[in-house]
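**Q** Model the structure of this input:
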Amino acid sequence: MAARRGAGAGAPAHRRSRRWRPGRTVFTLDAVPRYPTLSAPAEALPSSLFARLYERAERCSGPIIPFHIGDTHLAPPPPARLGNLGFTGDPDPELYAYSKPAGDVALVDALVAKLRAKNGLAWVGRDNVQITNGATHALSCATRAVLDPGDEVLLLAPYWPLVRGICASLGARPVECTFSYRLATEPDVDIEALLDERIARQTAAIYVSTPNNPDGAVLSRAQLEAVARVAQRHDLWVLSDEAYEEYVYDGREHVSIAALPGMAERTLTAYTFSKTYAQAGLRIGYLVGPAGAIDAARKMANHSVYSVARAMQRAALRALEHGQSFIDEARQRYQAARDRALARIEAPCLRPQGCTYLFLDLREWVDPEDETAYALLERFAEQGVLLAPGGAFGAEFAKWARLCFTAVDAAQLDEGIDRINAVLARARRR
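**A** Here you go, the predicted model:
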């Protein structure tokens, strides 16, 4: 049998070209076969931000202080720990079976009650909830449900880094809009005008996070109402990231934008047990939104992971049922850690209203010839302290860095900040 034309050794690799259509990009192939070329989304996504920093940190003789990871040193609520869930010995055979693609009914029903009581989403029912492998998976399913290649997504910067890649991986175009920093430094800024300026014909959605990772900004009801008016005026979806909903400080209130008038039908909200109950390793989150969009997101979840591990869902349910005292105590401890870090750090930063981070402004110590603070971050790493590069949170913040003040206990927090301050003291301020 004759070899297929173009196949076999020496066959030319195909070239990918772009053909533009209104509202989307269509990729076509100039030749076949496609081996060994990788997909355009895979080539577009950035590699690890931390590889070089890890290499530097390994040279340090002392312990490495992981301020770069958004996690907590606290253990989950005792009733929700795996050892207390009867998973040892001869556990329930159902734990080895597939769960429902939408999620176990008991967990979904408990979340419906929580969303109605805590988030003011009186309209939520089972059809409005999808259990996911963490909030990252929730946002991935949400974007795939409502965005097409070529669509633009307005990212309110600084933003959670992975959302940019999530959008880019499906061919959507992330568009940055410096937002919370403007609100903090220019209290009279016109939010609607600020957003309108960045919206184009191709804009399909706005991504908003409150409390915001990385700067801890908590948007007020009035500020969210302004965002809502823009979304309604331009017929946009809203992708709301509320991973840190429970961790707001100084008596502030968390408001879910989906609870505002006219927003239930256009908002997809991602939540996670990772942050709320210190269960990051279990990979449990959930997506909430209008039934039609959730049905579409469910298809995306079904064709990516099929369903979420039943054992992990049981641990999440136990946390939901017995974890309120944990949340209350963790909130107090996180606020104390924030205050401790703010009092000790030499680099300027805005006072976080929520979340678990300081977003450090390092511009005074960055060489004018450098476009980023990466060289400074390498010097921190050589002292055994890892920070997240600010450029990952938005192009305007390339000379900033994020520090997670809940990743370690108080003693390590002090030690890590002292090491940072020592590097800054040796660096020449600009």
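
**Q** Could you confirm Ala336 falls within a helix?
**A** Yes. Secondary structure of Ala336 (DSSP: H, G, I helix; E, B strand; the rest coil): part of a helix.

**Q** Excluding sequence neighbours, find me the nearest residue to Ala388.
**A** Arg402 (4.1 Å; C-beta to C-beta, 6 or more residues apart in numbering). (Each C-beta comes from the backbone N, C-alpha and C, glycine too.)

**Q** What sits closest to Pro397 if chain neighbours are left out?
**A** I think there's a mix-up here, since residue 397 is Phe and not Pro. Gly390 (4.0 Å).

**Q** neighbours of that neighbour, just the number please.
**A** Per other C-beta atoms under 10 Å, the neighbour tally for Gly390 reads 26.

**Q** Give me the pLDDT for it.
**A** Looking at Gly390, its pLDDT is 97.

**Q** so who does it touch?
**A** Applying C-beta atoms under 8 Å, 6 or more residues apart in numbering to Gly390 gives the contacts 158, 214, 359-360, 362, 372-373, 397-402.

**Q** Can you tell me which residue is spatially central in the protein?
**A** Among the residues of the chain, the one closest to the centroid is Trp160, at 4.4 Å (C-alpha atoms, centre = their mean).

**Q** which element is it on?
**A** Using DSSP states H and E, Trp160 maps to neither a helix nor a strand.

**Q** which helices and strands does the helix or strand harbouring Ala316 pack with?
**A** Using DSSP H and E, Ala316 sits in helix 310-322. Contacts defined by 3 or more C-beta pairs under 8 Å, 6 or more residues apart in numbering; DSSP states H and E place helix 310-322 against helix 105-118, helix 273-276.

**Q** Can you name the element that comes right after the last one?
**A** Per DSSP H and E, the first helix or strand lying C-terminal to helix 273-276 is strand 285-288.

**Q** what's near enough to touch the residue lying closest to Arg52 once chain neighbours are set aside?
**A** Distance criterion C-beta to C-beta, 6+ apart; nearest residue to Arg52, sequence neighbours excluded, is Glu378 at 7.0 Å. Counting by C-beta under 8 Å, 6+ apart, Glu378 makes contact with 52-53, 56.

**Q** how much space is there between Ile166 and Ile191?
**A** Using C-beta to C-beta, to the nearest Å, Ile166 is found at 24 Å from Ile191.

**Q** next one: Asn302
**A** In terms of C-beta to C-beta, Asn302 sits 37 Å off from Ile191.

**Q** about what we covered before: report the mean per-residue pLDDT for the helix holding Ala316.
**A** pLDDT averaged over helix 310-322 gives 97.

**Q** Please apply the same query to stretch 207-225.
**A** Mean pLDDT, stretch 207-225: 98.

**Q** So which bits of that stretch are buried?
**A** Buried residues in stretch 207-225, counting neighbours by 16 or more other C-beta atoms under 10 Å, are found at 207-219, 223-225.

**Q** Please apply the same query to stretch 252-264.
**A** Buried positions in stretch 252-264, judged by neighbour count with 16+ other C-beta under 10 Å: 254-260, 263-264.

**Q** Next up, the contacts around the residue nearest to the centre of the chain.
**A** Trp160 sits next to 209, 213-214, 241, 243, 393 when contact means C-beta under 8 Å, 6+ apart.

**Q** picking up where we left off before, which of the buried residues of stretch 207-225 fall in helices?
**A** Those of those mapping onto helices are 223-225, per DSSP state H.

**Q** With distance to Pro76 as new columns, can these be given to me in a markdown table?
**A** Formatted as a markdown table, those follow (distance: C-beta to C-beta, whole Å):
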| residue | distance to Pro76 |
| --- | --- |
| Gln223 | 32 |
| Leu224 | 30 |
| Glu225 | 35 |
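
**Q** and which of those residues is nearest Asn119?
**A** Set against Asn119, the nearest of those by C-beta to C-beta is Leu224 (12.7 Å).

**Q** hey, where'd the strands end up in this protein?
**A** Taking DSSP state E to define them, one finds strands in the chain at 16-21, 24-29, 65-66, 129-132, 152-157, 173-178, 203-209, 237-241, 267-272, 285-288, 357-361, 385-386, 388-389, 400-404.

**Q** what sits up against stretch 105-116?
**A** 102, 121-122, 124-126, 128-129, 131, 286, 288, 313-314, 316-317, 320-321.

**Q** Please, a ChimeraX command that selects the buried ones among those residues?
**A** Of these, the buried ones go into a single ChimeraX selection, burial set by 16+ other C-beta under 10 Å:
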select :102,121,124,128,129,131,286,288,313,314,316,317,320
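
**Q** Domain map for the protein?
**A** Following automatic domain parsing, one finds the domains of the chain at 51-76+325-425, 89-323.

**Q** Could you work out which of these reaches nearest to Leu38?
**A** Smallest distance to Leu38 across these (C-beta to C-beta): 12.4 Å, for domain 89-323.

**Q** how far does that closest one sit from the chain's center?
**A** 9 Å (C-alpha atoms, centre = their mean, to the nearest Å).

**Q** picking up where we left off before, among the contacts of Glu378, who's most crowded?
**A** If you count neighbours using other C-beta under 10 Å, the busiest of the contacts of Glu378 is Leu53, which has 22 neighbours.

**Q** Sweet, I'm off.
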